[in-house]
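Novice: the following block contains a protein sequence and its predicted model.
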Amino acid sequence: ARVASGVRTRQPLGRALAGASGWAGLPEELRAQIADELNVQSVQDLASIGGDLVEYEVKPNFRSLGGRFKKDAPKVAKAVTSADPAALVAALRGPSGAASVDAEGVGTVELTADDVIVTERPKSGWAVESGQGETVALDLTVTPELRRAGLVREVVRLVQDTRKAIGLDVTDRIELWWDAPGGDLAEALREHTGVLAGEVLATTVTEGRPDEDLQAFNDAELGLTYRLRRA
């Protein structure tokens, strides 16, 4: 869903909705773990608002209808296009796997999933993916707070890459200095100093330059300059 929507994995999102067998009984600690893995603040039950996430379009499958209803196929096809798409899809995906429509001049007929071509489009602001009876919906709304949290994760990635490049061990502590003139990044780093320090094992995180001359690392896209040394 992230790939389809173009939202980076490191960008935190507010919530995901999950629909799967047994989800309602999943322990809270496992839900929290899933939320952490998906980089969302919470994972909620899709059933709570799931019906409002997807727009359905239904079209008759003339090949299937023709084989079943012969000369009455056009009348049944008209009934399909006149039906409520969401209700029709819900019935077809229900326990019986069938839906009924009233075709003029034919009466009530029962349809199966083979008789209908279903197209699903996530409503604006959501990414929805389904497979093997499970559905995940991502709320793509990125608030200013979420955007700042995402910027900090980008900085964490940069610093971690630099740690590896200069040969630090994974357990080495560092001192970190950063400079990001104005804008959201500076606000984000001030707001999430503790998070940044914890992720990169920094004993100190300081805005500005150090007193001594240390190698500067730059990221033009973020507008960030940073320096670090082993603590």
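Specialist: Thanks, I have the structure now.
Novice: which stretches of the chain have low pLDDT?
Specialist: Applying pLDDT under 70 to the chain flags residues 47-52, 133.
Novice: same thing but at 80, please
Specialist: For the chain, the stretches with pLDDT under 80 are 19-24, 46-56, 93, 119-123, 130-134, 182.
Novice: what's the closest non-adjacent residue to residue 178?
Specialist: Excluding its sequence neighbours, the residue lying closest to residue 178 (Cβ to Cβ, 6 or more residues apart in numbering) is residue 226, at 4.5 Å. Heads up, the C-betas are built off the backbone N, CA and C, glycines and all.
Novice: alpha carbons of the helix or strand hosting that neighbour, as CSV, please.
Specialist: Assigned by DSSP states H and E, residue 226 belongs to strand 224-230. Coordinates of each C-alpha in strand 224-230 appear next as CSV, following Å, rounded to 0.1, in the frame of the first residue of the first chain:
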residue,chain,number,x,y,z
LEU,A,224,21.2,19.3,6.8
THR,A,225,24.9,19.5,7.8
TYR,A,226,26.0,17.3,10.7
ARG,A,227,29.2,16.3,12.5
LEU,A,228,29.9,13.5,14.9
ARG,A,229,32.7,11.8,16.8
ARG,A,230,33.1,8.9,19.1
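Novice: how about that strand: buried residues?
Specialist: Neighbour-count burial for strand 224-230 flags 224-228 (criterion: 16 or more other Cβ atoms under 10 Å).
Novice: cool, and stretch 26-42?
Specialist: By 16+ other Cβ under 10 Å, the buried positions in stretch 26-42 come out as 31, 34-35, 38-41.
Novice: re the thing from before, distance of the residue nearest to residue 178 from residue 191?
Specialist: As judged by Cβ to Cβ, to the nearest Å, residue 226 and residue 191 stand 17 Å apart.
Novice: having no further points to raise, I will conclude here.
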